[in-house]
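S.K.: Below: sequence and its predicted model.
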Amino acid sequence: MLASNGVSTRPRTGITELPPVKILLVDDEPKNLTALETVLAADDRVLVRAGSGSQALRQVLQDDFAVVLLDVHMPIMDGFETAQLIRGRERSRETPIIFLTAAISEEMSIAKGYSLGAVDYIVKPFDPEILRSKVTVFIELFRKAEQIRLQAAELADTTAFLHSVVEGATAYAIMALDLYGGILSWNEGARRIYSFSEDEVVGEANVRLLFRPDDVAEGLVDALLGAAERDGRAVSTLDGVRKGGEVFSASLSIEQRVTADGTVGYVAIGQDVTHVRDAQEQRARLIQEQTARAEAERARDRLRQIIDVLPEGILIAESDGRLSMCNAAALAILGAEPPEDDAWGERTLQRFSLDGRITPTEELPIARAVLKGETVLGEQLLVQSAAANERIPVLMNSAPLRDPDGRIVGGVAALQDISPIKELESQKDAFLAAASHDLKNPLAIVKAQAQLLMRRARRADNPETAPLVDGLKSIDQATRRLAGMVNELLDVARLQMGRPIELDPRPMDLADLAQEVAADLRLSTDRHEITVQGGVATLTGSWDRERIERVMVNLLTNAIKYTPEGGEVVIRLGREQINGVEWALVEVQDRGIGIPPSDIPRVFDRFFRASNVAGRIEGAGIGLSGVRQIVEQHGGRVSVESVENHGSTFSVRLPADSGVPA
Amino acid sequence: MSAERAPQPVANRRVLVVEDEPELREVVCAVLEDEGYTVVAASDGRQAVDMACENVPDLIILDMGLPILSGEEVASTLREKLAKPPPILVMSAAGTVAERARRIGAANYIPKPFELDDLTDAVHKLLD
């Protein structure tokens, strides 16, 4: 019954046509055998004749008989001996025997017959009806027994089939449990899933072995079995535990089981659903990712709409340098959409340049933001517009974009088209140039005329002209002051725009200048004591006297201004030699309100005012940014040391030997 | 001030003063004449070029902001037309006078407004 795949097929049910029943007739008298045959012949039976005990024995070895009719009185081997031998054979041990005897001669022989397994006696001459009915009983008996035997075989087949089904379902752990969860059966699937062998669990272990100890301790398994008992079925999604302790995702269905004899227990079918859960998790992840993508897309759309209304151009670069977003204002500046595949924005970024020269992409603020994480503010660039043949001046601010872990994932650049500012600046330049020309020419005339007349008056050497000379001198001095003021005005205007000023370096003495400036400023205050220290008689170099004077005046007026309570202000002069270069050092020290530490790095920036003076103390003149610019244009350096509420010391270092090349 | 000294024997030195502002032109001419130089004057760039080519001066005092031809154009034209162009002393009110003087190859410059001593010193240095 085993099919080739090793799984038994379902047995056929129903009783098939039974073969005719055999009856063995044993007698040494052939006429007696014939008489028996005559009486017993029927379609449902085969009558087999045996003329002796030994013939009878051969027959019972070959066939199963429903009944043996055995003559007691036979030569050589009588009926009793024959019966004993029939009974002694395995095959015929249960075969019923009816003795035939002429007369019941004595009690003993009857008893002997029964002891040898006889089921009945029939005394000759027999009544045919009685014989027929007795034999019929044994035929029926035999048929019943045969039927039972076939049914038993069939049952065994079914059991084997069910067993093979249970064993073949290797993806499922199928186990029978008793009422207390004791494991009664264990299939191949259970072995594969839980790794325990049948011997280890059947009759040995409880189903609780297959759960996590803490789940068991929490009573979750008890609840499960209780539910199965109450509802007939319960399904668990508790984790399973394999032999060795590995925990896995399990699904276990427990159903109540009542056997034919009324025994109550459970059948449990379990499954390793790790892959199912994995698949579910993967699916959930996919959905989550899709949602996140859609969300990101929406956020991006929204961001785009927002940045499109900004007046500033916005460029966003990914970490690979691809320009991934460009708003409407940036498009207007660039004149064309950046190409999609433009890694490092080469084709776009190449159109940017510093000072009009070809600039390597990595020097551009947005590249520095992405590559080095730098935040670059206020870089001025020129952009070659793709749409028009023009270079547009822009101000670019750039910063890196970081993920929550701080890794750089891109960069953002804000572009401002500063053409209008540049236009204003050039208008201002033109105005200044014109104003400069228009103011200085009349001044030059007045000054030259005054000086010419002075010369001529002096040459005439006439006492009457002396008052004239004094008047002319006064005109000349006023003109000198006026010229100084015009020049300062123009300088302030240029310095405030961050434009270079043209220096006119000539040999001069800083010590002289310091004394002059100190003397001038002493007139402006009676609360401050201004001294020149350092014991340096002369401090010469080639500098623009007017501009250096402006620097000193600025530092001194600051010192006075930021020492509102009054006090000492010191100009300290000195020389320094650094790496073989001679430097002139001018320090201006006050004991005023000082500068907050956080403001110190920015005091020389344009438009900067320290937080402790903004709105309180009026700013004017060239400012510290102008001081720095003038000094740096001379090749020098400015620095400051300050302690808030204790005062500041500003230091100016100028190259003492040659100054700037003319 | 050193304006006290007597006129030098420099009458044979010719100075061309190019300045469009008449009063300034006149005062510069007067100062130089007082110093003893022979002074001629032009009020625009074209006239300056014509005069310089007709009779090459020993020195040109050249304003930059001139009508018709600018100071720069005057200098470059003279460099083209004259085998040996005279030295130029730039006199300008522009803030960029030094830069402009360097560009046109001027011998020296004086920013306006100027001290007469600075003017006469510069002229003396270039002619004496």
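M.R.: Great, that's in hand.
S.K.: what's around residue 31, how many residues?
M.R.: Because you didn't say which chain, this covers chain A. A:Lys31 has 8 neighbours, counted by other Cβ atoms under 10 Å in any protein chain shown. All C-beta spots, glycine's among them, are computed from the backbone N, C-alpha and C.
S.K.: hm, I was asking about chain B
M.R.: As a measure of burial, B:Val31 has 23 neighbours, counting by other Cβ under 10 Å.
S.K.: pretty sure it contacts A:Leu452?
M.R.: Yes - with contact defined as Cβ atoms under 8 Å, B:Val31 counts as touching A:Leu452 (5.5 Å).
S.K.: Give me the common contacts of those two.
M.R.: B:Leu116 (Cβ atoms under 8 Å, 6 or more residues apart in numbering or on different chains).
S.K.: which bits of chain B sit near chain A?
M.R.: B:1, B:3-4, B:21, B:23-24, B:27-28, B:30-31, B:34, B:65, B:93-99, B:111-116, B:119 (Cβ under 8 Å from any Cβ of the partner chain).
S.K.: Now list the buried members of these.
M.R.: B:3, B:21, B:24, B:27-28, B:30-31, B:34, B:65, B:93-98, B:111-114, B:116, B:119 (16 or more other Cβ atoms under 10 Å in any protein chain shown).
S.K.: I'd like to know which of those residues are part of strands.
M.R.: Mapping these onto strands (DSSP state E) picks out B:Pro111.
S.K.: Which members of the buried ones among the residues of chain B next to chain A are positioned in helices?
M.R.: B:Leu24, B:Val27, B:Val28, B:Ala30, B:Val31, B:Asp34, B:Val97, B:Ala98, B:Leu116, B:Leu119 (DSSP state H).
S.K.: list the contacts for the first one?
M.R.: In this structure, B:Leu24 makes contact with A:Asn441, A:Ala444, A:Ile445, A:Ala448, judged by Cβ under 8 Å, 6+ apart.
S.K.: would you turn those residues into CSV with distance to A:Pro601 and neighbour count?
M.R.: Output for the contacts of B:Leu24, formatted as CSV (distance: Cβ to Cβ, whole Å; neighbours: other Cβ atoms under 10 Å in any protein chain shown):
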residue, distance to A:Pro601, neighbour count
A:Asn441, 43, 21
A:Ala444, 43, 26
A:Ile445, 48, 21
A:Ala448, 48, 25
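S.K.: follow-up on the earlier one: of all the ones in helices among the buried ones among the residues of chain B next to chain A, which comes closest to A:Leu36?
M.R.: B:Ala98 (160.0 Å; Cβ to Cβ).
S.K.: I'd assumed B:Tyr109 was in contact with the closest one.
M.R.: Yes - with contacts counted by Cβ under 8 Å, B:Ala98 reaches B:Tyr109, the gap being 6.0 Å.
S.K.: one step back: what's the most distant pair in the contacts of B:Leu24?
M.R.: A:Asn441 and A:Ala448 (10.6 Å).
S.K.: quick revisit: using JSON lines, lay out the contacts of B:Leu24 together with secondary structure.
M.R.: Compiled in JSON lines, the contacts of B:Leu24 are given as follows (DSSP: H, G, I helix; E, B strand; the rest coil):
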{"residue": "A:Asn441", "secondary structure": "helix"}
{"residue": "A:Ala444", "secondary structure": "helix"}
{"residue": "A:Ile445", "secondary structure": "helix"}
{"residue": "A:Ala448", "secondary structure": "helix"}
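S.K.: With pLDDT and distance to A:Gln589 as new columns, can these be given to me in TSV?
M.R.: What follows is those, written out as TSV (pLDDT from 0 to 100; distance: Cβ to Cβ, whole Å):
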residue	pLDDT	distance to A:Gln589
A:Asn441	86	42
A:Ala444	91	40
A:Ile445	93	44
A:Ala448	93	42
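S.K.: ok, and of these, which contact chain B?
M.R.: Answer for the contacts of B:Leu24 near chain B (Cβ under 8 Å from any Cβ): A:Asn441, A:Ala444, A:Ile445, A:Ala448.
S.K.: Point out where the stretch 51-200 of chain A drops to low pLDDT.
M.R.: A:103-108 (pLDDT under 70).
S.K.: interface residues of it facing chain B?
M.R.: Checking the stretch 51-200 of chain A against chain B by Cβ under 8 Å from any Cβ, there are no hits.
S.K.: Would you state the helices of the stretch 401-550 of chain A in chain order?
M.R.: Counting by DSSP state H, counting those that start in this stretch, the stretch 401-550 of chain A has these helices, from start to end: A:419-460, A:466-496, A:510-522, A:545-561.
S.K.: who does the third one touch, helix- and strand-wise?
M.R.: What that stands for is helix A:510-522. Judged by 3 or more Cβ pairs under 8 Å, 6 or more residues apart in numbering or on different chains; DSSP states H and E, the packing partners of helix A:510-522 are strand A:528-533, strand A:540-543, helix A:545-561, strand A:567-578, strand A:581-589.
S.K.: Buried ones in that helix, by neighbour count?
M.R.: A:Leu510, A:Ala511, A:Leu513, A:Ala514, A:Val517, A:Ala518, A:Leu521.
S.K.: Same list (those residues) but as CSV, adding distance to A:Met497.
M.R.: Shown next, in CSV, are the buried residues of helix A:510-522 (distance: Cβ to Cβ, whole Å):
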residue, distance to A:Met497
A:Leu510, 28
A:Ala511, 33
A:Leu513, 27
A:Ala514, 29
A:Val517, 26
A:Ala518, 31
A:Leu521, 27
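S.K.: Can you tell me which of those residues is nearest chain B?
M.R.: A:Leu513 (17.9 Å; Cβ to the nearest Cβ).
S.K.: counting contacts, what elements does the helix-or-strand element of chain B with minimal mean pLDDT pack onto?
M.R.: Scoring the helices and strands of chain B by mean pLDDT, DSSP states H and E places helix B:97-103 at the bottom, with a mean of 82. Judged by 3+ Cβ pairs under 8 Å, 6+ apart, helix B:97-103 is in contact with helix B:71-81, strand B:88-92, strand B:108-111.
S.K.: of all the ones you listed, which lies closest to A:Gly594?
M.R.: Closest among the helices and strands packed on helix B:97-103, using Cβ to Cβ: strand B:108-111, at 39.3 Å.
S.K.: neighbouring contacts of that closest one?
M.R.: Counting by Cβ under 8 Å, 6+ apart, residues outside strand B:108-111 touching it are A:440, A:504, B:87, B:89-93, B:97-98, B:100-101, B:118-119, B:122, B:125-126.
S.K.: Please name the residues that touch the nearest residue to A:Arg572 once chain neighbours are set aside.
M.R.: Once flanking residues are discounted, A:Arg572 sits nearest to A:Glu587: 4.2 Å by Cβ to Cβ, 6 or more residues apart in numbering or on different chains. Counting by Cβ under 8 Å, 6+ apart, A:Glu587 touches A:Val570, A:Ile571, A:Arg572, A:Leu573, A:Gly574, A:Thr649, A:Phe650, A:Ser651, A:Val652.
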